[in-house]
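> need a 3D model of the following:
(chains A and B)
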Protein chains: 2
Amino acid sequence: MSEEKYYLCSMNSPMFDTLKQLPLFQGMDTKDFNSLLQKIRLDFVNYPAGEVIIKADSVCSHFVFLIKGSVESSREGSSGRFIFHEKIESPHLIEPYSMFGATGSYNREYRALEECSLLNVDKQYLYSELGKYNICRMNLLNILSSRTQQSDRHIWSIDEITLRDRIIRLIQGFSDIQYGMKRLIITMENLAVLMDTTRLNVSRELNLMEKEGLIVLRRKEIIINALEKFQG
Amino acid sequence: MSEEKYYLCSMNSPMFDTLKQLPLFQGMDTKDFNSLLQKIRLDFVNYPAGEVIIKADSVCSHFVFLIKGSVESSREGSSGRFIFHEKIESPHLIEPYSMFGATGSYNREYRALEECSLLNVDKQYLYSELGKYNICRMNLLNILSSRTQQSDRHIWSIDEITLRDRIIRLIQGFSDIQYGMKRLIITMENLAVLMDTTRLNVSRELNLMEKEGLIVLRRKEIIINALEKFQG
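As a prediction, the model looks like this:
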């Protein structure tokens, strides 16, 4: 891990444009954004491929922005029956919904898939500065509310009753981002337990889904190359 | 419905103490709170028992605080197979998670269970005023984040595999508030469909739960008097 600290981010740097693309800063006036960046301490950190960026259950003390490269998040089911992996591309703010509320710690582990750049900004400090910009405060509320609305739609979509619908619903529910690559590490037996059906039924449905190009099956692993293919 | 409009709320009124109990205002300095109340227009509205306070899918244009009495929220499953009801006691801010984000409309219908008093405050206006108080902004972020974390725990609790665990998980998932009275209007056949099991299995489990005092069964209705009994 190599660390560089800047107190100033030039308006002409490509970093400036990348940061401005983040939902948290969207709609912000360029002058205001420049003035915000000059006031907060920006810690840029680079990670080589394979390195763990954030450990599960570690405290959210900073806003962590992925600004270059891609990472994979992972989370294990409480029974140890499965592990879910999700690919995340830059630019991305990592787990905004874990930064406030009772928890205050990360749900998932994050590992660099290639060389990555991250920007860490002290949580309390950025939060205070953001408070001065009406649009940023609204962006943050919108990010958190949209996430809740996504979970809510998931919980109320219980009516999808075919086995395929239930497998898709499971994977969508685990996904922070409703598109892109996901991997579910699970045996057919354990997936059958989660779906409350037989191993044979699960195996038959997964093989059909593979033939249709929706998933790729590996030993104890289901790969979804594009979750958006499941929509509609 | 009777409507009274005040521009000022006295520090000595019981209303002042009730409002101060709301999570949105918790931790606020009495002087600040008084100054906030004097700046915002407070519309108090009374509803008799049985009257609909908010219709599902109506636009969230106001912060709606239930300050006296109790209401019942209700929501129908998309297939029309079930309706879920939840009792809400004052003081309570109604559906904070629907006020921002892409939706901007209420998920549920709210009906007065007894004579109720509500306080409506214009969303944009209160939001701007709240922005001036660091603790209120943080309270709102905490409310939204806690709700997301609650949904997240629900989604990842898929490992509970007994039929009883799955019925309890379903009801907890539908509940905005993780305690108090809930009613699920559903036939045994339809609950069996949702649980992907037989009507006989569902009927047997529900009757056991009734014997243990966890639920009360009525025709096409499951009544949970205290959701907190399910915990742990």
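
> tell me the domain ranges of chain A?
A:2-71+A:90-150, A:157-230 (automatic domain parsing).

> of all those domains, which one is nearest chain B?
domain A:2-71+A:90-150 (3.2 Å; CB to the nearest CB). Placement of C-beta: from N, CA and C, glycine included.

> okay, the helix ranked longest in chain A in PDB with CA atoms only?
As assigned by DSSP state H, the longest helix anywhere in chain A is helix A:134-155. Below are the C-alpha coordinates for helix A:134-155, written out as PDB (Å, rounded to 0.1, in the frame of the first residue of the first chain):
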ATOM      1  CA  ASN A 134     -27.700  21.700   0.600                       C
ATOM      2  CA  ILE A 135     -27.300  19.600  -2.600                       C
ATOM      3  CA  CYS A 136     -24.800  17.200  -0.900                       C
ATOM      4  CA  ARG A 137     -27.000  16.700   2.200                       C
ATOM      5  CA  MET A 138     -29.900  15.900  -0.100                       C
ATOM      6  CA  ASN A 139     -27.700  13.500  -2.200                       C
ATOM      7  CA  LEU A 140     -26.700  11.600   0.900                       C
ATOM      8  CA  LEU A 141     -30.400  11.400   2.100                       C
ATOM      9  CA  ASN A 142     -31.300  10.200  -1.400                       C
ATOM     10  CA  ILE A 143     -28.600   7.600  -1.500                       C
ATOM     11  CA  LEU A 144     -29.700   6.100   1.900                       C
ATOM     12  CA  SER A 145     -33.400   6.300   1.100                       C
ATOM     13  CA  SER A 146     -32.900   4.600  -2.300                       C
ATOM     14  CA  ARG A 147     -31.100   1.800  -0.700                       C
ATOM     15  CA  THR A 148     -33.900   1.300   1.800                       C
ATOM     16  CA  GLN A 149     -36.500   1.400  -1.000                       C
ATOM     17  CA  GLN A 150     -34.400  -1.200  -2.900                       C
ATOM     18  CA  SER A 151     -34.400  -3.600   0.100                       C
ATOM     19  CA  ASP A 152     -38.100  -2.900   0.700                       C
ATOM     20  CA  ARG A 153     -39.000  -3.900  -2.900                       C
ATOM     21  CA  HIS A 154     -36.900  -7.100  -2.400                       C
ATOM     22  CA  ILE A 155     -38.800  -8.000   0.900                       C
END
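
> for the next helix or strand after it, name the packing helices and strands.
Going down the chain from helix A:134-155, the next helix or strand is helix A:163-174, by DSSP states H and E. In terms of contacts (3 or more CB pairs under 8 Å, 6 or more residues apart in numbering or on different chains; DSSP states H and E), helix A:163-174 is packed against strand A:83-89, helix A:134-155, strand A:182-185, helix A:188-195, helix A:199-211.

> repeat that with 10 Å
In this structure, helix A:163-174 packs against strand A:83-89, helix A:134-155, strand A:182-185, helix A:188-195, helix A:199-211, strand A:221-224, helix B:134-155, with contacts taken as 3 or more CB pairs under 10 Å, 6 or more residues apart in numbering or on different chains; DSSP states H and E.

> contact partners for the nearest residue to A:Q150 once chain neighbours are set aside?
Excluding its sequence neighbours, the residue lying closest to A:Q150 (CB to CB, 6 or more residues apart in numbering or on different chains) is A:Q178, at 7.2 Å. Residues near A:Q178 by CB atoms under 10 Å, 6 or more residues apart in numbering or on different chains: A:Q150, A:H154, A:Q172, A:L227, A:E228, A:F230, A:Q231.

> tell me, how many residues neighbour the second one?
It stands for A:H154. 20 (other CB atoms under 10 Å in any protein chain shown).

> same check on the fourth one?
Other residues within reach of A:L227, judged by other CB under 10 Å, total 19.

> B:N34: which of the helices and strands packed on helix A:163-174 is closest?
In terms of CB to CB, the element of these nearest to B:N34 is helix B:134-155, at 13.7 Å.

> flag every buried residue along that closest one.
B:135-152, B:154-155 (16 or more other CB atoms under 10 Å in any protein chain shown).

> what does stretch A:57-76 give?
Buried, per 16+ other CB under 10 Å, within stretch A:57-76: A:60, A:62-75.

> in contact with the residue positioned nearest the centre of chain A, which residues?
Against the mean C-alpha coordinate of chain A, by CA atoms, centre = their mean, the closest residue is A:D176 at 4.8 Å. Contact partners of A:D176, counting by CB under 10 Å, 6+ apart, are A:73, A:75, A:86, A:88, A:92, A:94-95, A:97, A:107-108, A:147, A:150, A:182, B:152.

> tell me the phi and psi of it?
phi -70, psi -40 (degrees, to the nearest 10).

> rewinding a little: reformat the contacts of A:D176 as CSV; add pLDDT and distance to A:S35.
Output for the contacts of A:D176, formatted as CSV (pLDDT from 0 to 100; distance: CB to CB, whole Å):
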residue, pLDDT, distance to A:S35
A:S73, 97, 33
A:R75, 96, 38
A:E86, 97, 35
A:I88, 96, 29
A:H92, 94, 24
A:I94, 95, 25
A:E95, 94, 27
A:Y97, 90, 28
A:N107, 93, 33
A:R108, 96, 33
A:R147, 90, 28
A:Q150, 90, 33
A:K182, 97, 39
B:D152, 89, 35
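
> low-confidence ranges, chain A, go.
A:1-13, A:160, A:232 (pLDDT under 70).

> same thing but at 50, please
Along chain A, the model assigns pLDDT under 50 to residues A:4-9.

> quick one: A:Y106 from A:C60, how far?
A:Y106 sits 6 Å away from A:C60, going by CB to CB, to the nearest Å.

> just the residues contacting stretch A:15-25, thanks.
Contacts for stretch A:15-25 (CB under 10 Å, 6+ apart): A:6, A:9-11, A:13, A:26-28, A:30, A:32-34, A:36-37, A:42, A:44, A:63, A:65-68, A:90-93, A:96, A:117, A:119, A:126, A:130, A:133, A:135-136, A:139-140, A:142-143, A:146.

> buried residues in that stretch, which are they?
Per 16+ other CB under 10 Å, stretch A:15-25 contains these buried residues: A:M15, A:T18, A:L19, A:K20, A:L22, A:L24, A:F25.

> centre of the chain versus that stretch, how much separation?
Taking CA atoms, centre = their mean, to the nearest Å, one finds the center of stretch A:15-25 at 17 Å from the center of the full chain.

> and what of stretch A:154-162?
With CA atoms, centre = their mean as the basis, the mean position of stretch A:154-162 lies at 23 Å from the chain mean.

> which ones are touching the most far-flung residue of chain A relative to its centre?
The centre of chain A is farthest from one residue, A:L200, which by CA atoms, centre = their mean lies 32.4 Å away. Counting by CB under 10 Å, 6+ apart, A:L200 touches A:M188, A:A192.

> picking that back up, shared neighbours of A:Y106 and A:C60, anything?
What both A:Y106 and A:C60 touch, as defined by CB under 10 Å, 6+ apart, is the set A:I54, A:I94, A:E95, A:S98, A:M99.

> quick one, what contacts the first one?
Contact analysis of A:I54 by CB under 10 Å, 6+ apart lists A:60, A:62, A:64, A:71, A:73, A:94-95, A:105-106, A:108-111, A:118.

> for A:M209, state which of those residues is nearest.
For the contacts of A:I54, the nearest to A:M209 is A:S73 (23.2 Å; CB to CB).
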